[in-house]
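Engineer: sequence unknown, structure follows:
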Ligand SMILES: Cc1ncc(COP(=O)(O)O)c(C=O)c1O
């Protein structure tokens, strides 16, 4: 056992708490192996079953994961740690392209001088969604072919996804997810004690054969990113959406479909939604990427049962999403200057993606990024590539955050990349992929 932390306690709960504390203090780092159960039991003078129960508690809280004989390790991003502590260690002076953030200069929420004029105070017992937001959401969703009859508002996409999943699933259920896929979603599944079933993606979205296999393995839900898939930039094409919809229609009674449309407005590609192809579904459209993550607001459309369960459970928690935020969202969505800025952001992101991918192709480097804020680059060894890139002043996100069973890669967030930075960055990436003078892909 490393000297810098000590597991203490005599019961499962106190042993688990001491491990959790070591993780939050940083003396147990992501990826660190916990000591074997028997060693801890011997040292603490307790029954091995007690330590096994403590490790199970930690697993259920999303703090650790167990990979068969390879033992129990601290999760990459333990669910018992505050979000702010989870960033990469980017050295001072390095250009940070690891964040996944939109460009703050292109967010209407920062640039506009909009002030909402709140209506009469909202008190308990009023409808959770303002009429203006309902009207706006209905018009926008209808235009995109998403059935808009039942709606809820949640505190962002991840909150909506969690609420849709917990409306139908129980711990131990399997959920089909994209691989590579959004790290926060993978962490959420672990924290909800749901099992991720990987489905590979190409530029056009989840592979049909992989989804068919996942369905055959009994998944109870599927989470699909409509466009701007994180980290690969994939987006559902019309053909892929039709093929996936057909596959799902045959399973419409027992599989929940959740769609994450987090980049509406700035994705750079049209929407081809699956919404409505299953009996239970939720389509979650977040305002985070186009308007600003701090808006913490997403529209959730779905079938009546799903939406009513989400509303009902919301009522027993936060109650509703503040009407002040709802008014602000409607104001932003209706404001001409804000709309112009969002369109400009969409063009800028598309242009930067295309330029970076072209510059990489010129240097013989394969890169993906059909839509959104990121470019995904397969690499032979993430640690080597990320370290070499960092040595030339650029920080990228390691693919290990996003992968379950797919090969290594790294994610470059292009949102605030300047045109002048593209060639030097492409040179550094190409360099980082060469080992001892030869390409190692
Ligand atoms: C795939 C995906 N979905 C959703 C979000 C945003 O979620 P939220 O609306 O919770 O901020 C992100 C942010 O990075 C994302 O990558």
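Structural biologist: Perfect, thanks for sending it. Everything numeric here is computed off the predicted structure, so don't read it as measured data.

Engineer: Can you tell me the SS state at residue 425?
Structural biologist: Put simply, residue 425 is helix when judged by DSSP: H, G, I helix; E, B strand; the rest coil.

Engineer: Number the chain from 53, please
Structural biologist: I'll keep to 53 as the first residue from here, and by that count the last item is residue 477.

Engineer: Tell me which residues of the lengthiest helix in the chain come out buried.
Structural biologist: Counting residues, the longest helix found in the chain (DSSP state H) is helix 388-414. Judged by neighbour count using 16 or more other CB atoms under 10 Å, the buried positions of helix 388-414 are 390, 393-394, 397-398, 400-402, 404-405, 407-409, 411-412. Every C-beta, even on glycine, is put in place using the N, C-alpha and C of the backbone.

Engineer: Quick one: check it for contact with the ligand.
Structural biologist: No: using CB under 6 Å from any ligand atom, helix 388-414 stays clear of the ligand, coming no nearer than 13.6 Å.

Engineer: Quick check: which helices or strands does that helix pack against?
Structural biologist: The helices and strands touching helix 388-414, judged by 3 or more CB pairs under 8 Å, 6 or more residues apart in numbering; DSSP states H and E, are helix 160-163, helix 340-343, strand 426-430, helix 471-484.

Engineer: Could you check the last one and say which residues are buried?
Structural biologist: In terms of neighbour count (16+ other CB under 10 Å), helix 471-484 has its buried residues at 473, 474, 477, 478, 480, 481, 482, 484.

Engineer: Surely residue 325 and residue 292 touch.
Structural biologist: No: look at residue 325 against residue 292 with CB atoms under 8 Å: they stay out of range, at 11.8 Å.

Engineer: contacting residues for the closest residue to residue 466 other than its chain neighbours?
Structural biologist: Of all residues not flanking residue 466 in the chain, residue 404 sits nearest, at 4.5 Å (CB to CB, 6 or more residues apart in numbering). Contacts for residue 404 were tallied using CB atoms under 8 Å, 6 or more residues apart in numbering; they are 466, 467, 469, 471, 474.

Engineer: List just the nearest of those to residue 285.
Structural biologist: residue 466 (9.3 Å; CB to CB).

Engineer: And the strands in the stretch 203-352 of the chain?
Structural biologist: In the stretch 203-352 of the chain, the strands defined using DSSP state E, counting those that start in this stretch lie at 203-206, 226-231, 247-254, 257-258, 273-277, 308-313, 332-338, 350-354.

Engineer: Buried residues, whatever helix or strand comes next after the last one. List them.
Structural biologist: Past strand 350-354, further along toward the C-terminus, the next helix or strand under DSSP states H and E is helix 356-367. When burial is assessed from 16+ other CB under 10 Å, helix 356-367 yields the following buried residues: 358, 359, 361, 362, 363, 366.

Engineer: which other residues reach helix 356-367?
Structural biologist: Under the contact criterion CB under 8 Å, 6+ apart, helix 356-367 has outside partners 180, 201-204, 206, 212, 215-216, 218-220, 308, 332-334, 352-354, 372.

Engineer: Repeat that for stretch 368-376.
Structural biologist: 168, 170-171, 174, 176, 180-182, 205-207, 348-349, 366.

Engineer: Show me which parts of stretch 258-276 are buried, residue by residue.
Structural biologist: Neighbour-count burial for stretch 258-276 [16+ other CB under 10 Å]: 258-260, 262-264, 266-267, 271-276.

Engineer: Pass me the low-pLDDT residue ranges in the chain, would you?
Structural biologist: Scanning the chain with the threshold set as pLDDT under 70 gives 53-56, 135-140, 162-167, 304, 487-493.
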